[in-house]
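Visitor: I would like the atomic coordinates for the input below:
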Amino acid sequence: MTAPGDGIEFSRQLAAHGTPIPGVVLFDLPVHGDSRGWFKENWQREKMAALGLPDFAPVQNNISFNAKAGTTRGIHAEPWDKFISVATGRVFGAWVDLREGPSFGTVFTAELDPSRAIFVPRGVGNAFQTLEDATAYTYLVNDHWSAAAQGEYTFLNLADETVAVPWPIPLERAELSEKDRAHPRLAEVTPMRPRKVLVLGADGQLGRALRAEYDGAAHVEFASRGEFDLADPASFRARNWKDYTAVINAAAYTRVDAAETPEGRRAAWAVNVGALTRLAQVAVGHGLTLVHVSSDYVFDGAEALHTEDEPFSPLGVYGQTKAAGDAVVSVVPRHYIVRTSWVIGEGRNFVATMADLARRGVEPSVVDDQIGRPTFTADLAAGIRHLLEDRAPYGTYNLTGAGPEASWADVAADVFAAAGTDPARVHRVSTTEYFTDRSAAPRPLRSTLDLAKIEATGFHPTPWTDRLRTYPLDERDGGDSR
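Guide: Residues are numbered from 1 along each chain as shown. Purely as a prediction, here's the structure:
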């Protein structure tokens with residue numbers, strides 16, 4: 001670092017460098033100097049996000065002024081992310097991964113001056129030793145300090161022999177506090193556990209598939225309706241949202257026909273929009289990623305293939321509430337709207353109904369002019385996990401089964417054949433014929449969703465025809481036959 005005031009403009013360009021510790025990113029900052037001193041953009045959200053820095057939403061700025069060279073502080077791992085830089089002077093920085101996982105104990109060291117900064121995620125131990133007098137060490141954090149938060153810190157002894165930080169100034173000659181001298185060695189440290197993913201609606205079809213997808217994952221917490229009621233504001237107040245990094249909303253009002261009645265209309269709007277709005281407010285306030293499951297019913301079915309950016313055109317109340325819910329979730333900075341159709345999972349669903357009718361010798365009438373692709377919940381759950389863990393760009397993604405388009409009658413015929421029953425026993429009728437003299441919501445006739453966007457992220461759903469071949473057709477709990 002050239003001393004300020006010598007008229008030199010520093011040549012470093014803004015650049016990001018990976019480190020051995022996952023999530024720790026070292027930044028070169030351009031510093032511009034002249035006879036008056038120097039100037040730099042210490043943190044610039046848009047530019048740094050373009051280089052891969054998470055949009056970590058800092059809420060507090062702290063400065064540690066250190067009068068003497070050799071002042072040493074740490075090793076502290078706090079329950080928040082930090083962006084660290086130096087305003088004046090120089091430091092030798094040391095970072096140790098104290099998070100639960102395979103990188104626990106990994107060490108990285110680097111020298112920081114005004115032209116270099118570092119991003120340190122939650123759970124990574126941070127320490128520094130000043131190399132010059134009058135060094136000002138500054139850091140942005142994305143949570144407010146509190147006395148309660150100190151109970152979540154993880155500490156490591158500066159002299160731990162396992163990590164063996166090569167301090168430029170030996171610790172016996174350094175300036176450090178008695179507390180920092182007394183912290184435990186690595187073998188005694190309890191790793192900081194990751195923030196959790198909360199799954200709401202864990203007792204539904206998708207919820208059960210998510211339980212299977214995340215089986216054994218300690219960082220995923222499941223809440224059934226009895227444990228978290230979206231319609232009850234008290235459920236929101238009782239939850240400590242700082243414990244979570246993401247919420248998967250697998251709960252919804254899905255009674256399409258009942259939503260057309262006055263009572264059902266109120267319930268659909270209360271759950272699919274009102275409760276979802278509270279959940280979105282929580283996600284914004286706590287920086288959570290919100291995963292929300294949408295529906296082909298947000299469209300009128302006029303297009304042969306629906307893309308993610310098609311304007312909403314719902315036909316009935318259920319579709320209207322899902323479209324409104326999508327609009328609410330779209331303003332959450334970190335969100336995934338997963339739009340799906342014709343969901344088949346464990347429990348009450350169309351395939352189970354057709355299998356039951358085939359066993360009982362019933363010859364059902366099934367609509368033949370509604371076209372789409374079934375979505376088995378195993379694919380839906382795996383796709384949601386993929387988006388979260390691969391950190392796909394936030395936004396809306398269509399996610400259904402892959403494979404050929406089909407009508408409900410085609411699917412029913414395939415179920416009958418798989419059950420060893422003549423598929424010709426499925427009577428094909430039009431939607432108008434099927435719903436004659438029935439109180440029913442209007443359905444989109446074309447529900448095929450374009451999968452190109454999610455496939456571009458590396459996730460490829462299984463063809464629904466393959467899923468159907470392995471689906472347990474002895475399920476006894478069915479749904480309507482459309």
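
Visitor: okay, CA-based contacts and neighbour counts for the rest of this
Guide: Will do.

Visitor: Between its first and last residues, how far does stretch 180-198 reach?
Guide: 35 Å (CA to CA, to the nearest Å).

Visitor: residues of that stretch that come out buried?
Guide: 180-181, 183-186, 191-198 (16 or more other CA atoms under 10 Å).

Visitor: Those residues in helices, which ones?
Guide: Residues of the buried residues of stretch 180-198 located in helices (DSSP state H): Asp180, Arg181.

Visitor: Now render the buried residues of stretch 180-198 as a markdown table, adding distance to Asp133.
Guide: As requested, these are arranged in a markdown table below (distance: CA to CA, whole Å):
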| residue | distance to Asp133 |
| --- | --- |
| Asp180 | 20 |
| Arg181 | 22 |
| His183 | 26 |
| Pro184 | 29 |
| Arg185 | 29 |
| Leu186 | 30 |
| Pro191 | 34 |
| Met192 | 34 |
| Arg193 | 37 |
| Pro194 | 37 |
| Arg195 | 38 |
| Lys196 | 42 |
| Val197 | 44 |
| Leu198 | 47 |
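
Visitor: Quick check: the farthest pair among the buried residues of stretch 180-198?
Guide: Maximum pairwise distance in these, criterion CA to CA, is 38.0 Å, between Arg181 and Leu198.

Visitor: coming back round to it: identify, from the buried residues of stretch 180-198, the entry nearest to His386.
Guide: Set against His386, the nearest of the buried residues of stretch 180-198 by CA to CA is Val197 (13.4 Å).

Visitor: What backbone torsions are found at the closest residue to Ala15 other than its chain neighbours?
Guide: Excluding the flanking residues, the one nearest Ala15 by CA to CA, 6 or more residues apart in numbering is Asp28, at 5.1 Å. Dihedral angles of Asp28 (phi, psi; degrees, to the nearest 10) stand at phi -90, psi 130.

Visitor: Tell me who's in contact with Asp28.
Guide: Going by CA atoms under 8 Å, 6 or more residues apart in numbering, Asp28 touches Arg12, Gln13, Leu14, Ala15, Ala16, Ser115, Arg116, Ala117.

Visitor: Now which of those would you call buried?
Guide: By 16+ other CA under 10 Å, the contacts of Asp28 give Leu14, Ala16, Ser115, Arg116, Ala117 as buried.

Visitor: Show me the residues you listed that map onto helices.
Guide: With helices taken from DSSP H, there is no overlap with the buried ones among the contacts of Asp28.

Visitor: Need the residues you listed in JSON lines (columns: pLDDT).
Guide: As requested, the buried ones among the contacts of Asp28 are arranged in JSON lines below (pLDDT from 0 to 100):
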{"residue": "Leu14", "pLDDT": "92"}
{"residue": "Ala16", "pLDDT": "94"}
{"residue": "Ser115", "pLDDT": "93"}
{"residue": "Arg116", "pLDDT": "95"}
{"residue": "Ala117", "pLDDT": "96"}
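
Visitor: which of these lies closest to Ala302?
Guide: Of all these, Ala302 sits closest to Ala16, with 46.8 Å by CA to CA.

Visitor: quick one: the strands in the stretch 251-400 of the chain?
Guide: Here the stretch 251-400 of the chain has its strands, by DSSP state E, counting those that start in this stretch, at 289-295, 335-340, 343-344, 365-367, 371-372, 375-376, 395-398.

Visitor: For Ala390, report the pLDDT, please.
Guide: Careful, residue 390 is Asp; it's not Ala. At Asp390, the pLDDT value in this model is 93.

Visitor: Dump the strands of the stretch 251-400 of the chain into CSV; add mean pLDDT and mean neighbour count as well.
Guide: Compiled in CSV, those are given as follows (pLDDT from 0 to 100; neighbours: other CA atoms under 10 Å):
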stretch, mean pLDDT, mean neighbour count
strand 289-295, 97, 25
strand 335-340, 97, 24
strand 343-344, 94, 21
strand 365-367, 94, 23
strand 371-372, 96, 22
strand 375-376, 96, 26
strand 395-398, 97, 23
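
Visitor: of the ones you listed, which approaches Glu310 most closely?
Guide: Evaluated over the strands of the stretch 251-400 of the chain, closeness to Glu310 peaks at strand 395-398, with 11.0 Å, by CA to CA.

Visitor: centre of the chain versus the closest one, how much separation?
Guide: Computed by CA atoms, centre = their mean, to the nearest Å, the separation of strand 395-398 from the middle of its chain amounts to 13 Å.
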